[in-house]
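[1] Generate coordinates for the sequence data below:
(4 chains)
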Protein chains: 2
Amino acid sequence: MNHIFKALNDQTRRDILMLLKEKDLTAGEIADKFSISKPSISHHLDILKRADLVYSEKKGQFVHYSINTTIIDDILQWIFNLKN
Amino acid sequence: MNHIFKALNDQTRRDILMLLKEKDLTAGEIADKFSISKPSISHHLDILKRADLVYSEKKGQFVHYSINTTIIDDILQWIFNLKN
DNA sequence: TTATTATTTAGATATTTGTCTAAATATATA
DNA sequence: TATATATTTAGACAAATATCTAAATAATAA
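    Numbers count the residues shown, from 1 in each chain, chains lettered A, B, ... in the order given. From the prediction side, this is the model:
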């Protein structure tokens, strides 16, 4: 859970997940939605990837990112477990 | 959600929540379960409190801590929202 | 009142983190 | 091939974080 909570502990990364929830986007499209540099966004995407919260697939010169809902269930289970 | 994810982004704090899930404990009892100093535990408890993840109540010279499951539901809702 | 116990606060320090610019890599196009 | 576009990597730096020891605060007991 360490990588997951680390990944979620940043507003920009949470915003990226919200965007990818709606539809898949390329790295550049994601970067365009924020006012921070492309390398910084690339770094955030790397952290999300290490946490398995997103997938990435290279198509030509673009890299397409999508959310991984499988991991979401793991988080839900961990949080839910706190309740009883 | 910022304070909550920040609070959850630490193994010691997550372990404290797991302990408090089982039963209420005083600050000292919590500190005894870890190999870090009491001031450090006090600091972790403060972060958990700021995130509303725990309550604290002073009884005599002791401070009793307990988990706040109300906030857990907020987290569950936030995570669940990522799925659709 | 004095001493003891429980907890927090203050201040210091090493590590981690988010950001930047510049450079590197990879693909597409003229 | 040469150029343009998309993305990542490298290296630097300021801010945030987890930890420590020492001191302060508060409550109990002798």
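[2] Quick check, pLDDT for the residue in chain A that chain B sits nearest to.
    At 4.0 Å from chain B, A:Asn9 is the closest residue in chain A, using C-beta to the nearest C-beta. Backbone N, C-alpha and C define where each C-beta goes, glycine included. On pLDDT, A:Asn9 comes in at 98.
[3] Could you report the neighbour count for it?
    Look at A:Asn9: counted by other C-beta atoms under 10 Å in any protein chain shown, it has 19 neighbours.
[4] can you check A:Ala7 too?
    Residues within reach of A:Ala7, counting by other C-beta under 10 Å, total 25.
[5] touching DNA strand C at all, the helix or strand harbouring it?
    Per DSSP states H and E: A:Ala7 is located in helix A:2-8. Yes. Using C-beta under 7 Å from any atom of the strand, we find that helix A:2-8 touches DNA strand C at A:Lys6.
[6] any idea which helix or strand comes after that helix?
    Per DSSP H and E, the first helix or strand lying C-terminal to helix A:2-8 is helix A:11-22.
[7] hey, where'd the strands end up in chain A?
    Applying DSSP state E to chain A gives strands spanning A:25-26, A:54-59, A:62-67.
[8] Pull up the pairing partners for the second one, direction included.
    Think strand A:54-59. Sheet pairing here is set by DSSP bridges, and for strand A:54-59 it gives strand A:62-67 (antiparallel).
[9] Would you check that the residue of chain A closest to chain B makes contact with B:Ile4?
    No. Checked against C-beta atoms under 8 Å, the pair A:Asn9 and B:Ile4 is beyond contact range at 9.5 Å.
[10] show me what contacts the closest residue to DNA strand D within chain A?
    When scored by C-beta to the nearest atom of the strand, chain A has A:Gly28 as its residue closest to DNA strand D, at 2.1 Å. Listed by C-beta atoms under 8 Å, 6 or more residues apart in numbering or on different chains, the contact set of A:Gly28 reads A:38, A:62.
[11] A:Ser42 too?
    With contact taken as C-beta under 8 Å, 6+ apart, A:Ser42 is in contact with A:27, A:31.
[12] Give me the pLDDT for it.
    In this model, A:Ser42 is scored at 98, pLDDT.
[13] for the one 4 residues further on, same thing?
    According to the predicted model, the pLDDT of A:Asp46 comes to 98.
[14] what separates A:Ile79 from B:Ala27, distance-wise?
    According to C-beta to C-beta, to the nearest Å, A:Ile79 and B:Ala27 sit 24 Å apart.
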